[in-house]
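Trainee: sequence-free structure coming up:
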Ligand code: OOG
Ligand code: NI
């Protein structure tokens, strides 16, 4: 058992998954469906002799344990403390997501490992949103502030353990165990609300997510998502089993070369809640927040690739809106429009649309060994194209490690009962990265930069091994 950051992350992810399974049994069923679909997909791809499966997907150390979760926070203290908590597990804020575009008064980042090695061990990531108080109406803001001021979503012991971890650089196994047990409390579901039913209704009328963020004593994990290698098959199995699956898969269509992220989900559960009463007793009510989701990850796109993706998706959505296209017709339209997005590894590589990792091929290694006697001319400038054409080095795509919350806006919306009163006001807002970083107490990393660095580093290793001046 290791208690370094990677070990802590793996253990925490496992413990959280067990807790969520007991809280939301349908999540456990979904995991079973994913295992079944993946086994079948591997069998099918072996039978067809045409492998469409990304090797990264079947790395046993990574794939089976891979999860992402999502939490929603209310204050700067909560966000900054969560940042410290995730840092103990080697998870750092990457990317800024402005959710006002979808009509939500929130912005977000994703806490995740940032190195290839850490991602390979356990890529656990948590999409973390925080409320934008300035986008609420005054009355709701006051109510939200009052409710948030009276809660602490961290146990006192967790706060002590954070100080210890930060001053000593790590935790002993005993303290690590305590850290995990205490950390889980922040994400646990509580059916006792901290507000009255009337206050809850008021918050919900402005936006259901405000009520979800503000009304409870913890920041309950609202979903935990396993990764599959065949989301179409999972979708089919979910429907076959009568699970309350959402109708469409979000994101890009099914392709030979999968890109970014495809996601589907089952609808939020209606849960009983005890609301506070002025007379100190409780009133029964209900809340829908927690759901199950599944995802298939594809290749990370460069800025250029992402731009093309966004352009095509916009085209799809405006055509769909214009003609009122829905259901399987929407899927067809999506597929047609995405014909404009190259779908071979070499075109994605040569046109600079996706990120890749380079490595020396067995042929390259053989040549290298035979040239030990007479080392190559290190001053020689060899181009990447030449090395690829000679078969000295090869590339494989980098996996997309981030999120597409706006394309998954459908997931958000399918889990919300009513329409927001203040949607128009929110949608007119500007993104506020500076404001978000102030609440976080740190900067967020740029995801494109991280992929670019991984790609560069892999090429640098090749250059050094081949003893070349430049590639
Ligand atoms: C976050 C939704 C974002 C995803 O997979 O895009 C997310 C939320 O519901 O709070 O998890
Ligand atoms: Ni999600």
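Mentor: Right, received. Where do you want to start? None of these values were measured; they are calculated from a predicted model. Ligands and ions are numbered 1, 2, ... in the order given.

Trainee: quick one: secondary structure of the residue nearest the centre of the chain?
Mentor: Centroid-nearest residue in the chain: residue 403, 4.6 Å away (criterion: CA atoms, centre = their mean). With DSSP: H, G, I helix; E, B strand; the rest coil as the basis, the three-state label of residue 403 is coil.

Trainee: And residue 432, how far from residue 359?
Mentor: Going from residue 432 to residue 359 by CB to CB, to the nearest Å gives 41 Å. (Glycine included, C-beta is placed from N, CA and C.)

Trainee: Report the buried residues of the host helix or strand of residue 7.
Mentor: In this assignment (DSSP states H and E), residue 7 forms part of helix 5-23. Neighbour-count burial for helix 5-23, with 16 or more other CB atoms under 10 Å as criterion, is recorded at 5-13, 15-17, 19-21, 23.

Trainee: Go ahead and name everything in contact with it.
Mentor: Helix 5-23 is contacted from outside by 1, 27-28, 31, 65, 67, 69, 88-91, 113, 118, 121-122, 124, 170-171, 176, 179-181, 183-184, 187-189, 221, 224, 290, using CB atoms under 8 Å, 6 or more residues apart in numbering.

Trainee: Please go through the protein and pick out the longest helix.
Mentor: Criterion DSSP state H: the longest helix present in the chain is helix 25-48.

Trainee: Which of the residues in that one are classified as buried?
Mentor: 26-27, 29-31, 33-34, 37-38, 41-42, 45.

Trainee: a markdown table please, covering those and showing pLDDT and distance to ligand 2.
Mentor: Listed next are these as a markdown table, based on pLDDT from 0 to 100; distance: CB to the ion, whole Å:
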| residue | pLDDT | distance to ligand 2 |
| --- | --- | --- |
| 26 | 90 | 15 |
| 27 | 92 | 12 |
| 29 | 92 | 18 |
| 30 | 93 | 13 |
| 31 | 93 | 15 |
| 33 | 94 | 17 |
| 34 | 93 | 14 |
| 37 | 93 | 18 |
| 38 | 90 | 19 |
| 41 | 88 | 21 |
| 42 | 83 | 24 |
| 45 | 77 | 26 |
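
Trainee: possible to save those as TSV with distance to ligand 1?
Mentor: Formatted as TSV, the buried residues of helix 25-48 follow (distance: CB to the nearest ligand atom, whole Å):
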residue	distance to ligand 1
26	17
27	14
29	19
30	14
31	16
33	18
34	15
37	19
38	19
41	21
42	24
45	26
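
Trainee: gap between residue 247 and residue 235?
Mentor: 9 Å.

Trainee: what's near enough to touch residue 270?
Mentor: Counted by CB under 8 Å, 6+ apart, residue 270 has contacts 286-288.

Trainee: How much space separates it from residue 438?
Mentor: Per CB to CB, residue 270 is found 37 Å from residue 438.

Trainee: about what we covered before: return the distance of the longest helix of the chain from the chain's centre.
Mentor: Its chain's C-alpha centre and that of helix 25-48 lie 20 Å apart, by CA atoms, centre = their mean, to the nearest Å.

Trainee: And for stretch 23-42?
Mentor: The chain centre lies 18 Å from the centre of stretch 23-42; the measure is CA atoms, centre = their mean.

Trainee: Next: stretch 87-96.
Mentor: 12 Å.

Trainee: Quick check: end-to-end length of it?
Mentor: 17 Å (CA to CA, to the nearest Å).

Trainee: average model confidence for it?
Mentor: Computed over stretch 87-96, the mean pLDDT rounds to 98.

Trainee: how about it, does it reach ligand 1?
Mentor: No - figure legend: stretch 87-96 not in contact with ligand 1 (CB under 6 Å from any ligand atom); closest approach 11.3 Å.

Trainee: What residues sit buried inside that stretch?
Mentor: Buried residues in stretch 87-96 (16+ other CB under 10 Å): 87-96.

Trainee: Tell me which entries of those lie within strands.
Mentor: Among these, the residues falling in strands (DSSP state E) are 92-96.

Trainee: Go through those residues and say which is closest to residue 136.
Mentor: Nearest to residue 136, judged by CB to CB, of those is residue 96 at 20.2 Å.

Trainee: burial count for the residue lying closest to the closest one once chain neighbours are set aside?
Mentor: Distances taken as CB to CB, 6 or more residues apart in numbering put residue 433 closest to residue 96, at 4.9 Å, once the chain neighbours are dropped. A count of nearby residues for residue 433, using other CB atoms under 10 Å, gives 14.
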